[in-house]
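[1] Quick check, what structure comes out for this input:
(chains A and B)
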Number of protein chains: 2
Amino acid sequence: MDETSETRTVTVIGAGTIGLGWVALFLGAGLRVRVVSRRGDVGDQVAEALAMFAPHLPGGAQDPAELATRLEIEPDLAAAVRGAHVVQENTEEDLEAKRELFVKLETVAEPDALLLSSTSTLPPDELGASMREPGRVVVGHPFNPPHVVPLVEVVAGTRTPAETVDAVVAFYRSVGKAPVVLRKPIARFVANRLQSALLQESIHLVREGVVTVAELDEVVTRSIGLRWATVGPFLAFHLGGGQGGLRHWLTNLGRGLEASWRDLGTPELDAETVELVLSQAETAVAGRTYAELVAERDAKQTAILAVLEDSKAQ
Amino acid sequence: MDETSETRTVTVIGAGTIGLGWVALFLGAGLRVRVVSRRGDVGDQVAEALAMFAPHLPGGAQDPAELATRLEIEPDLAAAVRGAHVVQENTEEDLEAKRELFVKLETVAEPDALLLSSTSTLPPDELGASMREPGRVVVGHPFNPPHVVPLVEVVAGTRTPAETVDAVVAFYRSVGKAPVVLRKPIARFVANRLQSALLQESIHLVREGVVTVAELDEVVTRSIGLRWATVGPFLAFHLGGGQGGLRHWLTNLGRGLEASWRDLGTPELDAETVELVLSQAETAVAGRTYAELVAERDAKQTAILAVLEDSKAQ
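    Purely as a prediction, here's the structure:
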């Protein structure tokens, strides 16, 4: 690697689904990427991922072979982070293992390198608890798959300097992501909590026999999904309230809203419910392969993102 | 009206936000529309709505003046439904008033006219309880605004013949909607229940100070909204489970999912919470008018729908 190059280097630790998505995204954004993984077949895994993800990168399709020219596989952690500007960690959700990793990273990484974790559950203070500078770890939690979905939830530790948070936000923006900084940590962060709330009621409705799995999916894609791709739930309600906006809505319908919350389902995920959901879900996708379904999803998502980008530019 | 014409006639009762959206949609689909309303200014209201909605109709922008050539305002109910193939009712959510209206409709409407209600809360058996043929009323609940969002939740009464349900579905499909027939009635139907579940957790997160209203909206539009515009929650989890699909996901992470449900917020909509949400929401839209925000939302939604239509056709 040319240390004097203008091209920044990112080290990606862990080559599971999330790690591979980051690799494709960072390469697509023109960065150099070093991958650290214990997997013996990591080279093959990355090559396969680049072939699958390169057609759906945010700025448009790219050539996997061109992307691979800026890629290195480096099994040694110290060598992998030398000269790197950013480290994005994607190992298993094992607090002890991650703590040890960040202690080690603190000694081998460049002093000003950003140390980021893709964890979806662990707060940064826990991750950095054994470090000399615990505030250096910042959570950068992507929504899967990272190369397609723009959101990154940024969660700083209580001792993280404000300028570090700014640098993390600037870095994610520079590779085309939409970082949102949480004001305090909360279990499972924001998007996954919202997803969980919707899934709970979805499973309730299937369990009650109101709709099947396929019908529930159809309801969502043809109404609230479409809506929330363009305006978030609060702005949606603001506009749904007519000229009076959210004020009219909350003050007139607020009591009904509270009543509707108390009426939501609280299903149990017992064996019968799991089997009901699975059998309906498997019927719904019968005859289509995993790769076909993923390609269709990613093609639609990148097309929608391009449309939204266009409308923003106008 | 020319009774021998091939052009079907729809009578729209009530000219509030929902009624006006239906009028625009039905006219845009090439139908004749008769509007019944107690509002003295109904002509002006319809004209204003057509001017606002015509640029964002599903098939592309249309000329409001051309649409208006197939429009009649008819204050007399019996005259308004004479010869009409479909009646779409959009009056206030007042059970007694709606019951009386459907009793009257049964005597004045054509014997084979579809009698549809846009109610968002009342089950069809209640609406038709005083009719000779209570099964004639079918709920066709649109997601607001009806001229933009494809979903219509179709809810039949226990005595509704299967062929009536088929005719309702065929009618909504013929005007470009995406009807989903619920297998049994449930309070507030499906989409609004899901919306309510997500809003409950959204308000919890704002109340806890994890994110502001604007940040919550940003999280949703940049992750789960985008996702659910392309694949519903079940298919999203099926694909998120990797090659093992939903089976892998539910059997491995099911316990965590149940725990996440128990950890969701149960906020109260007390005065303090309402003021917090409203002040943040008003800050978020400061400087932009209601009409600008609605135009932006509808332009994005129709653009996304066009993209999804294209990708389906491929």
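[2] Neighbours of A:Val35, how many?
    25 (other CB atoms under 10 Å in any protein chain shown). Any C-beta I mention is one placed from the backbone N, CA and C, and that applies to glycine too.
[3] now the strands for chain A?
    Listed in chain order, the strands of chain A (DSSP state E) span A:9-13, A:32-36, A:71-73, A:86-89, A:114-117, A:137-142, A:151-156, A:178-181.
[4] With distance to chain B added, can I get those strands in TSV?
    Formatted as TSV, these follow (distance: least, CB to the nearest CB, whole Å):
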stretch	distance to chain B
strand A:9-13	18
strand A:32-36	19
strand A:71-73	22
strand A:86-89	18
strand A:114-117	18
strand A:137-142	9
strand A:151-156	4
strand A:178-181	4
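[5] Minimum distance to B:His238: which of these has it?
    Across the strands of chain A, the minimum distance to B:His238, taken as CB to CB, is reached by strand A:137-142, at 19.4 Å.
[6] what distance separates that closest one from the middle of the whole chain?
    Chain-centre distance of strand A:137-142: 10 Å, with CA atoms, centre = their mean, to the nearest Å.
[7] between that strand and strand A:151-156, how big is the angle?
    Orientation check (axes from the mean of the first three to the mean of the last three CA atoms, to 10 degrees): strand A:137-142 against strand A:151-156 gives 170 degrees.
[8] pLDDT at A:Ser5, what is it?
    You'll see A:Ser5 listed with a pLDDT of 45.
[9] ok, back up a step: need the strands of chain A in CSV with distance to B:Leu27 and mean pLDDT, can you?
    Shown next, in CSV, are these (distance: least, CB to CB, whole Å; pLDDT from 0 to 100):
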stretch, distance to B:Leu27, mean pLDDT
strand A:9-13, 54, 98
strand A:32-36, 54, 98
strand A:71-73, 56, 97
strand A:86-89, 53, 98
strand A:114-117, 53, 98
strand A:137-142, 45, 98
strand A:151-156, 39, 98
strand A:178-181, 38, 98
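[10] what's the closest of those strands to B:Ala284?
    Nearest of the strands of chain A (CB to CB): strand A:178-181, 13.6 Å.
[11] which residues touch the closest one?
    A:140, A:150-156, A:165, A:168-169, A:172-173, A:190, B:211, B:215, B:218-219, B:222 (CB atoms under 8 Å, 6 or more residues apart in numbering or on different chains).
[12] of the residues you listed, buried ones?
    A:140, A:150-156, A:165, A:168-169, A:172, A:190, B:211, B:215, B:218-219, B:222 (16 or more other CB atoms under 10 Å in any protein chain shown).
[13] burial count for whichever residue of the stretch 1-150 of chain A sits closest to chain B?
    At 4.0 Å from chain B, A:Phe143 is the closest residue in the stretch 1-150 of chain A, using CB to the nearest CB. Using other CB under 10 Å, A:Phe143 has 26 other residues around it.
[14] Repeat that for A:Asp125.
    A:Asp125 has 17 nearby residues by other CB under 10 Å.
[15] Show the end-to-end separation of stretch A:149-166, please.
    Start and end residues of stretch A:149-166 are separated by 21 Å (CA to CA, to the nearest Å).
[16] make that stretch A:27-41, sorry
    20 Å.
[17] Give me the buried positions along that stretch.
    A:27-29, A:31-37, A:39.
[18] Can you tell me what sits against that stretch?
    A:1, A:5, A:7-15, A:19, A:23, A:26, A:42, A:45-46, A:50, A:54, A:57-59, A:62, A:67-68, A:70-77, A:80-81, A:84, A:147, A:174-176.
[19] Let me see the contact set for the closest residue to A:Leu308 other than its chain neighbours.
    Of all residues not flanking A:Leu308 in the chain, B:Lys300 sits nearest, at 6.3 Å (CB to CB, 6 or more residues apart in numbering or on different chains). By CB under 8 Å, 6+ apart, the contact set of B:Lys300 is A:229-231, A:307-308, A:311.
[20] try 10 Å this time
    A:226-227, A:229-231, A:304, A:307-308, A:310-312, B:56, B:148, B:221 (CB atoms under 10 Å, 6 or more residues apart in numbering or on different chains).
[21] between those residues, which has the most around it?
    A:Arg227 (32 neighbours).
[22] can the buried residues of stretch A:27-41 go into TSV with extra columns for distance to A:Arg136?
    Converted to TSV, the buried residues of stretch A:27-41 look like this (distance: CB to CB, whole Å):
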residue	distance to A:Arg136
A:Leu27	25
A:Gly28	27
A:Ala29	23
A:Leu31	21
A:Arg32	22
A:Val33	21
A:Arg34	19
A:Val35	22
A:Val36	18
A:Ser37	23
A:Arg39	27
